[in-house]
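Engineer: here is my input; please provide its structure:
(one chain, ligands or ions: 2)
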Amino acid sequence: PIQPNQGSPRHAARLKTRILQAPDGVSTIVEALATGEPVALPTETVYGLAADALSPNACAKIFEAKNRPLSDPLIVHIPSIDWLPRLTSPTPTALQLAEKYWPGPLTMVLPRQPIVPDIVTAGQETVAVRMSAHPLFQEVATAFGKPLAAPSANRFGRISPTSAAHVLAELNGRIPFILDGGPCAHGIESTIVHVSVEGLRILREGPITREDL
Ligand code: AMP
Ligand code: MG
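Structural biologist: Ligands and ions are numbered 1, 2, ... in the order given. Below you'll find the predicted structure:
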């Protein structure tokens, strides 16, 4: 298994984190993702720290930058709905929820397909998937053309960031780029719901409420 070099002081010495503005910064962000680097992106909930979800090495850098334990799985953001059956086994209910709430702040936990790296799911047989409604996140994800693993862009155990300045305060020296999309609309993390044939189980409360679901 990949063991990220957690908390290495080399990072602070080696990297200078730059805040990029849209639209000019988008191509630099997509290039960084293509070379396996993690970058901070705005979503409609909080800023995410995104990397190529299909690359175990790229995902390891998320854990390293955040100081996140490998036991804490990542949420995967998909660029388009056709990725849902490529990454998961969606139940009919999952397809209905995707139709109703995506793009938007709903994360669904579903059985994984083998293509999803173990480091993303923390070795579990399920994977958490969502599709962001933020236009900049969508633009980057569409240009990249592959799913992005993106937990919140803060060091482990700290408050999720809702602005580029807040991300910089958390991850300065640990990541190459932050794409500035202004303040996040919701400011709280996505609702997480486990979806199976037995029904829905809310794992984290969020912008989409129990009543909505
Ligand atoms: P964050 O995006 O930083 O809020 O972190 C993602 C959170 O999603 C994790 O801390 C878990 O609580 C949850 N999560 C991700 N994958 C799964 C999964 N397969 N099963 C249950 N919860 C998950
Ligand atoms: Mg978080």
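
Engineer: tell me the centre residue of this structure?
Structural biologist: Nearest residue to the geometric centre of the chain (C-alpha atoms, centre = their mean): residue 150, 1.5 Å.

Engineer: what does the pLDDT read for that one?
Structural biologist: We have a pLDDT of 98 for residue 150.

Engineer: next, the nearest residue to residue 39 once chain neighbours are set aside: phi, psi?
Structural biologist: Residue nearest to residue 39 in three dimensions, not counting chain neighbours: residue 177, with 4.6 Å by C-beta to C-beta, 6 or more residues apart in numbering. Quick note: C-beta positions are derived from backbone N, CA and C, even for glycine. Main-chain dihedrals, residue 177, degrees, to the nearest 10: phi -140, psi 150.

Engineer: quick one: contacts for the closest residue to residue 110 other than its chain neighbours?
Structural biologist: Residue nearest to residue 110 in three dimensions, not counting chain neighbours: residue 88, with 3.8 Å by C-beta to C-beta, 6+ apart. Contacts of residue 88 were listed using C-beta atoms under 8 Å, 6 or more residues apart in numbering, and they are 94, 108, 110, 111, 112, 113, 127, 129.

Engineer: buried stuff in stretch 127-139?
Structural biologist: Going by neighbour count (16 or more other C-beta atoms under 10 Å), the buried part of stretch 127-139 is 127, 128, 129, 130, 131, 132, 133, 134, 136, 137, 138, 139.

Engineer: my error: substitute stretch 110-119 in the last question.
Structural biologist: By neighbour count with 16+ other C-beta under 10 Å, stretch 110-119 contains the buried residues 110, 111, 112, 116, 117, 119.

Engineer: hmm, the one helix or strand the last one maps to touching ligand 1?
Structural biologist: Put plainly, it is residue 119. In the assignment (DSSP states H and E), residue 119 maps to helix 118-121. Yes: against ligand 1, helix 118-121 shows contacts by C-beta under 6 Å from any ligand atom at residue 121.

Engineer: in its sheet, what does whichever helix or strand comes after that helix sit against?
Structural biologist: Next helix or strand after helix 118-121 toward the C-terminus (DSSP H and E): strand 126-130. Strand pairing for strand 126-130, determined by DSSP bridges: strand 75-77 (parallel), strand 106-111 (antiparallel).

Engineer: and ligand 1, is the shortest one touching that?
Structural biologist: Yes: contact of strand 75-77 with ligand 1 (C-beta under 6 Å from any ligand atom) involves residue 75.

Engineer: who are the packing partners of the helix or strand that comes right after that strand?
Structural biologist: For strand 75-77, the following helix or strand on the C-terminal side (DSSP H and E) is helix 84-87. Helix 84-87 sits against helix 92-101, strand 126-130, with contacts defined as 3 or more C-beta pairs under 8 Å, 6 or more residues apart in numbering; DSSP states H and E.

Engineer: point out the most buried one among those.
Structural biologist: strand 126-130 (a mean of 24; mean count of other C-beta atoms under 10 Å).

Engineer: report the distance from the helix or strand following that one to the chain centre.
Structural biologist: Per DSSP H and E, the first helix or strand lying C-terminal to strand 126-130 is helix 135-144. Helix 135-144 sits 13 Å away from the centroid of its parent chain (C-alpha atoms, centre = their mean, to the nearest Å).
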